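>>> the sequence isn't on hand, but the structure is:
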């Protein structure tokens with residue numbers, strides 16, 4: 001693994017929160033993001049599929065979902081940049097006994113809206129949405145989704161029946177959209193009391209009915225807060241955009257080598273720009289032609305261009321998973337992604353050029369960012 005020193009500035013520092021199949025790593029840099037210091041692994045031997053830093057309301061709390069086949073899945077937190085972590089019993093996410101379900105995996109940790117400083121959400125397997133209204137101290141399942149009439153007919157994808165994506169409407173506190181593999185997209189407009197499938201136009205190649213009401217294997221959904229009604233969706237075969245909060249979806253797979261993939265990320269300051277990393281197929285989940293290419297659209301999916309400079313274009317049998325592509329929030333944002341072969345790449349020019357930040361990590365399954373202001 002490449003390990004480099006970093007000198008923090010008195011203004012802002014950037015952290016990359018990297019979850020792998022064998023623990024979590026934290027990479028730190030100053031605002032220039034030229035040199036990175038690598039720390040970890042935390043939770044050695046645990047798979048860490050979800051990470052999130054919560055800096056709201058004066059907090060300095062980093063959450064990690066650590067999973068071990070013997071000890072199960074638990075939510076952990078650190079108040080000191082990962083030097084120490086809470087005991088797993090502190091943040092207890094449990095299904096009600098009467099539900100007959102048991103927690104298998106925490107797939108997503110999402111902060112509430114800026115006006116909801118004490119609200120957090122977790123997406124878990126088997127597919128359910130958990131909510132906390134006290135900064136993560138206690139958690140309850142969303143009953144509207146837990147008892148949904150479709151729930152008994154949801155089928156797991158290859159990675160399990162997981163709720164992996166949570167999208168909040170910044171303008172309407174009652175609206176939220178979630179994605180489940182393999183059940184599709186659901187949306188609530190009444191604060192979670194009821195949920196309706198929102199998959200019109202999204203195909204399910206593996207089902208007899210290619211356009212069912214639900215059952216699609218959605219891999220990721222993203223949007224930009226400045227244009228929340230416009231959504232982008234990466235499907236298990238399919239690349240889509242919606243301009244009406246998911247009421248309908250339009251195919252935008254124009255000029256990409258494959259419309260199969262997992263990772264998808266918005267540019268933090270441009271609602272027209274989205275990044276994806278296509279994979280060859282569901283049977284061969286590696287980059288097409290063994291070339292590691294990040295595809296970028298700057299016109300909301302009307303066209304896509306490959307970003308290759310600095311990335312290997314020969315014998316690069318890489319895989320990038322749904323939460324392993326991310327961006328920081330600085331004025332000149334960094335775009336980052338990690339691979340199943342343990343490489344971590346970053347770009348400081350909107351994806352035009354890339355450089356390797358780390359190598360030799362365990363398989364990367366999650367990359368998140370945190371920008372911290374130094375006091």
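Happy to help now that I have it. Since we're looking at a predicted model, the values are computed, not measured.
>>> could you use CA atoms for every contact and neighbour count after this?
Will do.
>>> which ones are touching residue 26?
15, 16, 17, 18, 38, 39, 40, 82 (C-alpha atoms under 8 Å, 6 or more residues apart in numbering).
>>> hmm, I typed the wrong one, I wanted residue 144.
Contact analysis of residue 144 by C-alpha under 8 Å, 6+ apart lists 192, 193, 194, 195.
>>> before we move on, what about residue 285?
Applying C-alpha under 8 Å, 6+ apart to residue 285 gives the contacts 261, 279, 319.
>>> change it to 6 Å
residue 279 (C-alpha atoms under 6 Å, 6 or more residues apart in numbering).
>>> save the contacts of residue 144 as JSON lines, and put in secondary structure and neighbour count too.
Shown next, in JSON lines, are the contacts of residue 144 (DSSP: H, G, I helix; E, B strand; the rest coil; neighbours: other C-alpha atoms under 10 Å):
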{"residue": "192", "secondary structure": "coil", "neighbour count": "17"}
{"residue": "193", "secondary structure": "coil", "neighbour count": "12"}
{"residue": "194", "secondary structure": "coil", "neighbour count": "16"}
{"residue": "195", "secondary structure": "coil", "neighbour count": "21"}
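>>> out of the contacts of residue 26, which are inside strands?
15, 16, 17, 18, 38, 39, 40 (DSSP state E).
>>> buried ones from those, can you make that a ChimeraX selection?
In ChimeraX, this line selects whichever of those come out buried by 16 or more other C-alpha atoms under 10 Å:
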select :15,16,17,18,38
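>>> which one among the ones in strands among the contacts of residue 26 gets closest to residue 133?
Closest approach between these and residue 133, by C-alpha to C-alpha: residue 17, at 24.0 Å.
>>> what pairs with that closest one across the strands?
With DSSP bridges applied, residue 17 shows beta-bridge pairing to residue 26, residue 368.
>>> so it sits against residue 368, correct?
Yes. Between residue 17 and residue 368 there is a contact at 4.9 Å, judged by C-alpha atoms under 6 Å.
>>> contacting residues for the spatially closest residue to residue 135 that is not a sequence neighbour?
Spatial nearest neighbour of residue 135, chain neighbours left out: residue 118 (4.3 Å); criterion: C-alpha to C-alpha, 6 or more residues apart in numbering. Taking C-alpha under 6 Å, 6+ apart, we find residue 118 in contact with 133, 134, 135.
>>> now do the helices in this protein.
Counting by DSSP state H, the chain has these helices, from start to end: 143-146.
>>> nearest residue to the middle of this structure?
Centroid-nearest residue in the chain, with C-alpha atoms, centre = their mean: residue 323, separated by 3.3 Å.
>>> identify the residue nearest it in space, chain neighbours excluded?
residue 366 (4.8 Å).
>>> residues contacting residue 105?
73, 124, 125.
>>> pLDDT at it, what is it?
pLDDT, residue 105: 95.
>>> next: residue 70.
pLDDT, residue 70: 82.
>>> count of residues packed around it?
7 (other C-alpha atoms under 10 Å).
>>> repeat for residue 303
Residue 303 has 15 neighbours, counted by other C-alpha under 10 Å.
>>> and for residue 329?
Neighbourhood size, residue 329 [other C-alpha under 10 Å]: 15.
>>> nearest spatial neighbour of it, skipping sequence neighbours?
In space, residue 329 is closest to residue 268, 6.1 Å off (C-alpha to C-alpha, 6+ apart).
>>> what do you get for residue 184?
residue 216 (4.6 Å).
>>> and if you look at residue 295?
residue 306 (4.4 Å).
>>> now do the contacts for the one you found.
Contacts of residue 306 by C-alpha under 6 Å, 6+ apart are 293, 294, 295.
>>> quick one: contacts for residue 322?
Applying C-alpha under 6 Å, 6+ apart to residue 322 gives the contacts 262, 263.
>>> for it, phi and psi?
Dihedral angles of residue 322 (phi, psi; degrees, to the nearest 10) stand at phi -60, psi -40.
>>> can you give me the pLDDT of the residue nearest to residue 323?
Residue-level pLDDT assigned to residue 366 equals 98.
>>> correct me, but it touches residue 16?
No. The criterion here is C-alpha under 6 Å, and residue 366 misses it with residue 16 at 10.0 Å.
>>> still on that earlier bit, tell me the one among the contacts of residue 144 nearest to residue 302.
residue 195 (30.4 Å).
>>> quick check: the closest one vs residue 364, distance?
With distances taken as C-alpha to C-alpha, to the nearest Å, residue 195 is found 32 Å from residue 364.
>>> how about residue 245?
31 Å.
>>> the residue nearest to residue 329: neighbour count?
Residue 268: 22 neighbours (other C-alpha under 10 Å).
>>> for residue 158, same thing?
Around residue 158 there are 11 residues (other C-alpha under 10 Å).
>>> any idea how far it is from residue 312?
28 Å.
>>> which intervals of the chain have sub-threshold pLDDT?
1-10, 374-375 (pLDDT under 70).
>>> if I look at the residue of it positioned farthest from its centre, how far off is residue 139?
No residue in the chain sits farther from the centre than residue 98, which is 30.2 Å out by C-alpha atoms, centre = their mean. In this view, residue 98 and residue 139 are 17 Å apart by C-alpha to C-alpha.
>>> also residue 340?
31 Å.
>>> coming back round to it: which of the contacts of residue 306 fall in strands?
Using DSSP E, these in strands are 294, 295.
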